[in-house]
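Asks: have a look at this prediction, sequence included:
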Amino acid sequence: MAKNKQQKAKASKKKTWDLSPAPESTSHVQLKKKYELYIDGKWVKPTSGKYFPSINPGNEEKIADVAHADAKDVDKAVKAARKAYDNVWSKMSGKERGKYLFRIARMIQERAREFAVIESMDGGKPIRESRDVDVPLAANHFFYYAGWADKLEFAFPNRKVEALGVAGQIIPWNFPLLMAAWKIAPALATGNTIVIKPAETTSLTALKLAELIHEAGVPPGVVNVVTGFGDTGAEIVNHPDVNKVAFTGSTNVGKLIQNAIAGTKKKSTLELGGKSANIIFEDAPIDQAVEGIVNGIFFNQGHVCCAGSRLFVQEGVADQVIKKLKNRLDHLYIGDPLDKNTDVGAINSKEQLDTIRKYIEIGKNEGNDIYESSCNMPSKGYFCKPTLVLNVAQSSKLVQEEIFGPVLTVQTFRTVDEVIQKANNTPYGLAAGVWTDKGSKIFNLTGKLRAGVIWANTYNRFDPVSPFGGYKESGFGREGGLHGLEAYVKLA
Amino acid sequence: MERLGILKTYKIYIGGKFPRTESGRYYSPKNASGEALANICLSSRKDLRNAVVAARSAFGGWAERAAFNRSQIVYRIAEMLEGRRAQFLEELMKQGSTKQQAEKEINLSIDRIVYYAGWCDKYQQIFSTVNPVSSSHFNFSAMEPTGVVGVIAPEEGSLIGLVSTIIPIIAGGNTVVCLASEKLPLCAITFAEVLQTSDVPGGVVNILTGNEKELLEHFGSHMDINALCYAGASEDHLTQLNKLSTGNLKRIRNFEANCMDESSQSPYFIQDYQEVKTTWHPIENIGGSTSTY
């Protein structure tokens, strides 16, 4: 008894061993108070004169005002892109186009630190992630596609490759700069010009990228950045002179877009939601798997379309895995996105925090066993405790719908057949994880899981050479790699 | 006394069997000279749903067959078709082709099937990649079939239209629910007989006859069809399909090629119904040894 008490006291004492704050400095960051639209190589005021604030979700303070583009602004941007396509970009050789992209890649590397800090301020993600993942991957993405610009005929055997024209691109708030890179780099490499709209809560790194592209000397009109809300995006989608619509975001909006462009000749790629299974077998390296689960769902606060949000643990190791997982949850650092020790940053917006809380509430009402991390929470900003939903039914809303937050459902299984059925039992098909030491089992599962990306004994890895995209209602088309080129070309 | 000929009853093809339409309805298409071709099943929504169930059950087994095995089965279709030339010749001519046109269409159809038989175990090698990621992982992207594919066959080309649309789709491991040409349906059902005797498992190809306009909505909105190949002639219908397909985000392909032309066959028609799957696995790096000799 006494020993027990002693242990408990030790445990609680251990919890108070907090790391000292280690915030990344913001002094070197150059941000304007107010951002205009980047159209035809110039910064222009929005026709409506309207601006909206971009809020730091880590402390709820305004960072800058951003222009809200309307139909007229979008029209201006599309006209600029068309003019640039006709007069400059379509006439330029692939080799020269590529050199612009190489230049952009290098300049992002030079300013990596500034981009990382702004990304964490504007979006709430831990600086560790924006510094080590988002920004380097964005630069590498430009570098990779730069090299394709003069080699396109090798990507499509026996075909002539032509650009589409003007690409309208709409990107989400979870990886603002990286998604801009994923959209802009292949489109420019294949010879298209661009009108791109960042998400309303995370416009800043896209606008900084516009500054960088301008400094790189990219001809006016080749890349146009229009900021705004869903209405601005709709104007891009519906503009008659847009040849290609590329969208990353929710499945619902993706469906609206597919509906809106039906009957037009616009080509589209949609990278939409997911509810990816992360499957742990008894013969998995358990400690690594637990790290993989944590990385799978708490990376970027779970704001990841391919997040491993449904955990399937084989019965024999379920107790062990869940125990380790709970322990791991309790030791995560939640807080200031700019702090280098932070594991889980701020939820991107108030709206998203409400959505996540709504789901947790539903989970509680359903009678699920809910485990919340005992971590300390900041007093200001939008934060959500990492949460496990245990003993949850396959039919639960929390298992079926994308939550887009740090909430992991945990189910158990006995046989391989059972877990394949359960994993595939979703309208989505973006990604899946498999953890086992047995190679033949991995290939059995990768062959049968209906998803576009399979991580075996790893999770949430990304690379410019690696195609990314979904099956079923997770959308169509691929981004990254050779397969990412197809989205922006027509083959003759 | 002259022997009375036996007329053929044209039924539909679902799950490897030849049922009549559950609706009991029929239509009688006529050729250019006004002669009725036959009584043809006017398939209903229920028939389509049955066909999708059959196609879905057949999908896993077909998709996971060895590519070489699929290749042999597709080649077998060509063998069976070759053996039934006379029947197709008669039907094509009844539907209005000259003998010369009919022969050309049959030859082209057989050769096209052989062409795709050869692709079954090769398109993967053309379209797949090994991706040299920066981290210590092995990473590759391979093709996998999209699933159940609905096909609205071309109005012209009773046989070649079916071959040009269906064969690349099944060569890639998908299963098919096809609506045959409304005005030229005869070869569709005879082609189903060829498929049935070619070791193509039941349910891999299902063929319905009937009215495009009536079934369009159900093709577009069915939640268990993953992709559609529209080879019909109506822009309106294509738009409608695109709108309806948002329910489950079907991949919609518009097959516009002229089937009598070489340009209507290529591995890109296989790729149209493929999904790219990328797999990652860590590579262990222990010690300092390299592969240098």
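Replies: Perfect, thanks for sending it.

Asks: and the closest residue to residue B:50 other than its chain neighbours, what are its bridge partners?
Replies: What sits nearest to residue B:50 in space, not counting adjacent residues and going by CB to CB, 6 or more residues apart in numbering or on different chains, is residue B:14, at 5.4 Å. Every residue, glycine included, has its C-beta placed from N, CA and C. Beta-bridge partners of residue B:14, counted by DSSP bridges, are residue B:17.

Asks: just to check, residue B:14 is in contact with residue B:48?
Replies: No: the pair residue B:14 / residue B:48 is not scored as a contact, 9.5 Å apart, by CB atoms under 8 Å.

Asks: intersection of neighbour lists for those two?
Replies: residue B:208 (CB atoms under 8 Å, 6 or more residues apart in numbering or on different chains).

Asks: the two: who's more crowded?
Replies: Under the criterion of other CB atoms under 10 Å in any protein chain shown, the comparison of residue B:14 against residue B:48 puts residue B:14 first, with 27 against 23.

Asks: quick check: residues of the stretch 51-200 of chain A near chain B?
Replies: A:140, A:157, A:158, A:159 (CB under 8 Å from any CB of the partner chain).

Asks: so what's the first one closest to, chain neighbours aside?
Replies: If the residues on either side of it in the chain are set aside, residue A:140 comes closest to residue A:464, at 4.9 Å by CB to CB, 6+ apart.

Asks: and residue A:311, which helix or strand is it part of?
Replies: Using DSSP states H and E, residue A:311 sits within strand A:310-314.

Asks: just checking, what packs against the following helix or strand past that strand?
Replies: Note on strand A:310-314: by DSSP H and E, the next helix or strand toward the C-terminus is helix A:315-330. Helices and strands touching helix A:315-330, as assessed by 3 or more CB pairs under 8 Å, 6 or more residues apart in numbering or on different chains; DSSP states H and E, comprise helix A:286-298, strand A:387-390, strand A:407-413.

Asks: distance of residue A:21 from residue A:250?
Replies: 35 Å (CB to CB, to the nearest Å).

Asks: repeat that for residue A:214.
Replies: 31 Å.

Asks: for residue B:273, same thing?
Replies: On the measure of CB to CB, residue B:273 and residue A:250 end up 26 Å apart.

Asks: so where is the stretch 151-293 of chain B shaky, pLDDT-wise?
Replies: Residues of the stretch 151-293 of chain B that meet the criterion pLDDT under 70 lie in B:293.

Asks: which residues of it lie near chain A?
Replies: Close to chain A, as judged by CB under 8 Å from any CB, the stretch 151-293 of chain B has residues B:226, B:235, B:238-240, B:242-243, B:245-249, B:251, B:266, B:268, B:275-282.

Asks: now the buried members of those.
Replies: B:226, B:238, B:240, B:242-243, B:245-249, B:251, B:266, B:268, B:275-281 (16 or more other CB atoms under 10 Å in any protein chain shown).

Asks: okay, and which of those residues map to helices?
Replies: B:238, B:240, B:242, B:243, B:268 (DSSP state H).

Asks: ok, back up a step: packing partners of the strand holding residue A:311?
Replies: strand A:277-280, strand A:407-413, helix A:416-424.

Asks: which of the ones you listed is buried the deepest?
Replies: strand A:277-280 (a mean of 28; mean count of other CB atoms under 10 Å in any protein chain shown).

Asks: which residues are contacting that strand?
Replies: A:286, A:289, A:292-293, A:296-297, A:308, A:310-314, A:317, A:321, A:413, A:419, A:422-423, A:426, A:432-435, A:445, A:449, A:451, A:459.

Asks: for residue A:383, see how far away residue A:189 is.
Replies: From residue A:189 to residue A:383 the distance is 39 Å (CB to CB).

Asks: before we move on, what about residue B:177?
Replies: On the measure of CB to CB, residue B:177 and residue A:383 end up 50 Å apart.

Asks: same question, residue B:179
Replies: Residue B:179 is 54 Å from residue A:383, by CB to CB.

Asks: if we can go back for a sec, who's more crowded, residue A:189 and residue A:383?
Replies: Shown here are residue A:189 and residue A:383; by other CB under 10 Å, residue A:189 has more neighbours (28 against 23).

Asks: what pLDDT is listed against the residue nearest to residue A:474 when sequence neighbours are not counted?
Replies: Of all residues not flanking residue A:474 in the chain, residue A:430 sits nearest, at 3.9 Å (CB to CB, 6+ apart). At residue A:430, the model reports a pLDDT of 98.

Asks: residue A:492 contacts residue A:156, correct?
Replies: No: with contact defined as CB under 8 Å, residue A:492 does not reach residue A:156; the gap is 9.9 Å.

Asks: more neighbours: which of those two?
Replies: Shown here are residue A:492 and residue A:156; by other CB under 10 Å, residue A:156 has more neighbours (18 against 8).

Asks: residue contacts, the more buried one?
Replies: A:485, A:486, A:489, A:491.

Asks: hang on, isn't the residue nearest to residue A:474 packed against residue A:470?
Replies: Yes: assessed by CB under 8 Å, residue A:430 is found in contact with residue A:470 at 4.0 Å.

Asks: neighbour count winner among those two?
Replies: Taking other CB under 10 Å, residue A:430 and residue A:470 do not tie; residue A:470 has more neighbours (30 against 27).

Asks: so the more buried one sits in a helix?
Replies: No: assessed with DSSP: H, G, I helix; E, B strand; the rest coil, residue A:470 is coil; it does not lie in a helix.

Asks: distance check, the residue nearest to residue A:122 when sequence neighbours are not counted against chain B.
Replies: Excluding the flanking residues, the one nearest residue A:122 by CB to CB, 6+ apart is residue A:204, at 4.4 Å. Residue A:204 sits 27 Å away from chain B, going by CB to the nearest CB, to the nearest Å.

Asks: just the pLDDT for the nearest residue to residue B:64 once chain neighbours are set aside.
Replies: The shortest distance from residue B:64 to any non-neighbouring residue, by CB to CB, 6+ apart, is to residue A:447 (6.9 Å). Note for residue A:447: predicted pLDDT of 92.

Asks: how about the helices of the stretch 1-150 of chain B, start to end?
Replies: Assigned by DSSP state H, counting those that start in this stretch, the helices in the stretch 1-150 of chain B fall at B:45-63, B:67-83, B:85-94, B:99-119, B:123-127.

Asks: closest residue of the stretch 1-150 of chain A to chain B?
Replies: Nearest residue of the stretch 1-150 of chain A to chain B: residue A:140, at 7.2 Å (CB to the nearest CB).

Asks: list the helices and strands the strand or helix carrying that residue packs on?
Replies: Per DSSP H and E: residue A:140 is located in helix A:135-148. Using 3+ CB pairs under 8 Å, 6+ apart, the elements in contact with helix A:135-148 are helix A:94-110, helix A:112-123, helix A:176-189.

Asks: cheers, nothing more for now.
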